[in-house]
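>>> just to be clear, the model below is a prediction. Sequence and coordinates:
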Amino acid sequence: MDSQKNNRFSGLKKAISVTVMGAVCLTAAVSVASLSKTVTITDGDKTMTINTMNPDTKAILEKTGVELGKNDKLVRTDDDGHNVNISILRAFSVDVIDQDKTKTLTFNDGTVADALKAAGMTLSKKDTVSFSANTELEPDMEIKIARWYTVNLDVRGKKMTKDVPAGTVSEALDFLNIKLGKNDVVCVDSDKKVTEGMDITIQTVTYKNVTSKETIEYKTETKDTSELYQGETQLEREGQNGERTIVTRQKYINGELDSEKEISNKVTKKPVNEIILNGTAEKIDYIQTNAGQVEVNETENVLIDTNGNTVSYSRVLTGSGTAYTAPAGALTSTGRLAQYGVVAVNPNVIPYGSNLYIVSNDGEIVYGYAVAGDTGGAMMSGQAICDLYYPTYDECTVFGRRDITIYVLD
């Protein structure tokens, strides 16, 4: 009996123990269920759901492996129960393009209107945008602003006011279908950007060259000559008028003469000045021939001049001599001034610069000391050995042509 009682008691204890354990487990399950959270994470097109006992946002992100960028945003909402909603708003860039300027902005969400406001864009009633203001922003979206401007035009005298899109003057004219002729000129640079209220003038510009002629009157020159006596004049050359050709370029704007400019002024026919000879020679009754006694020692190759000076010479030449004169200031072929003592020779016989002493063979004239400084056709052809300079025509006439002896001095 006692044994049966003990067995029943043992069984009762086990039953009670099992019941208690079940109650404890049930209580624990109820407690865990009350503390657990269901978390729904939305990251763009991806959605994930987890259950967690730790409702901390950072712990949730670590558990799910979701990472936030520098400009990413997280939006969390908790209901009164066990549900948590977390939305990840990833940062993305949007370009706001205003003509040639671009502003790149970072957003997590928003509309085109938000982007324009953030970019500081002020639009006029004429301006247009590539998207409507309430369009949702998207990654890498390009929001383009089309600016419009009112310009004042004067097209070949016809005035008008037009609205044109942003761009260059050339592009504005193309937009307005204004064609330029080969003689049309635009008052502003075609590559210049259009601005509000800009004045654009188009003119047809043509040019015409006009040729005219002017007379250049000749001048009268007076030239002194020893071939005429003092007080005597003579026309040496008649004067002739010249001519000047002038080319003037005329500029016409829209068919009206605007200005003219001289582009060429040339003498096409030079005037020939009149030359009047003015005599400077004094009338003389006789010619000074410088005659005198000249002694020559042919053995020692020396001579004694008319002043008694002894001079040595290297060689002697004889031949026909002539005389010439020249206007005051005239130069010889060697560049020497034509004057008494400068004689013309054949430089192949008597080199230029040779010092000479000259006398006539008839003993009537002693020309005296001279230098070989000129030449002439008669000397080069052998018709004369020397041409002696005299300051007047009369003196040349007295000398005429006669045989002379030339002593080439050492």
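In hand now; what should we look at?

>>> which stretches of the stretch 251-400 of the chain form helices?
For the stretch 251-400 of the chain, the helices defined by DSSP state H, counting those that start in this stretch occupy 377-381, 393-399.

>>> can you add mean neighbour count and give those back as a markdown table?
Every residue, glycine included, has its C-beta placed from N, CA and C. Shown next, in a markdown table, are the helices of the stretch 251-400 of the chain (neighbours: other Cβ atoms under 10 Å):
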| stretch | mean neighbour count |
| --- | --- |
| helix 377-381 | 15 |
| helix 393-399 | 18 |
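
>>> host element of residue 60?
helix 57-64 (DSSP states H and E).

>>> any idea which helix or strand comes after that helix?
By DSSP H and E, the next helix or strand past helix 57-64 is strand 73-78.

>>> what angle do helix 57-64 and that following strand make with each other?
Calculated by axes from the mean of the first three to the mean of the last three Cα atoms, to 10 degrees, strand 73-78 forms an angle of 100 degrees with helix 57-64.

>>> after strand 73-78 comes which helix or strand?
The element immediately downstream of strand 73-78 (helix or strand, assigned by DSSP H and E) is strand 83-89.

>>> mind giving me the packing neighbours of that next one?
The contact analysis (3 or more Cβ pairs under 8 Å, 6 or more residues apart in numbering; DSSP states H and E) places strand 83-89 against strand 37-43, helix 57-64, strand 73-78.

>>> mind checking these for the one nearest to residue 103?
Among the helices and strands packed on strand 83-89, the nearest to residue 103 by Cβ to Cβ is strand 73-78 (21.0 Å).

>>> re earlier: in a markdown table: the helices and strands packed on strand 83-89, plus mean pLDDT, distance to residue 313 and mean neighbour count.
As requested, these are arranged in a markdown table below (pLDDT from 0 to 100; distance: least, Cβ to Cβ, whole Å; neighbours: other Cβ atoms under 10 Å):
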| stretch | mean pLDDT | distance to residue 313 | mean neighbour count |
| --- | --- | --- | --- |
| strand 37-43 | 92 | 130 | 17 |
| helix 57-64 | 89 | 132 | 14 |
| strand 73-78 | 92 | 126 | 13 |
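
>>> please produce CSV containing those, extended by distance to residue 300.
Shown next, in CSV, are those (distance: least, Cβ to Cβ, whole Å):
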stretch, distance to residue 300
strand 37-43, 137
helix 57-64, 139
strand 73-78, 134
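
>>> wait, which of the helices of the stretch 251-400 of the chain is closest to residue 277?
helix 393-399 (12.2 Å).

>>> now that closest one: average pLDDT?
Taken as a whole, helix 393-399 has a mean pLDDT of 91.

>>> report the next helix or strand after it in sequence order.
Past helix 393-399, the next helix or strand by DSSP H and E is strand 402-409.

>>> pull out the buried positions in the host helix or strand of residue 150.
Using DSSP H and E, residue 150 falls within strand 148-155. Applying a neighbour-count criterion of 16 or more other Cβ atoms under 10 Å, one finds 149, 151, 153, 155 buried in strand 148-155.

>>> which one of those residues is nearest to residue 123?
residue 149 (13.0 Å).

>>> so where's the stretch 1-150 of the chain uncertain?
Residue ranges of the stretch 1-150 of the chain with pLDDT under 70: 1-34.

>>> and the residue nearest the centre of the chain?
In the chain, the residue lying closest to the centroid (Cα atoms, centre = their mean) is residue 189, at 17.8 Å.

>>> and that residue, what helix or strand is that in?
For residue 189, there is no host helix or strand (DSSP H and E).

>>> right, and it touches residue 200 too?
No. At 10.8 Å, residue 189 does not count as touching residue 200 under the criterion of Cβ atoms under 8 Å.

>>> would JSON lines of the buried residues of strand 148-155 with distance to residue 171 be doable?
Listed next are these as JSON lines, based on distance: Cβ to Cβ, whole Å:
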{"residue": "149", "distance to residue 171": "12"}
{"residue": "151", "distance to residue 171": "12"}
{"residue": "153", "distance to residue 171": "14"}
{"residue": "155", "distance to residue 171": "16"}
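
>>> alright, I will stop here.
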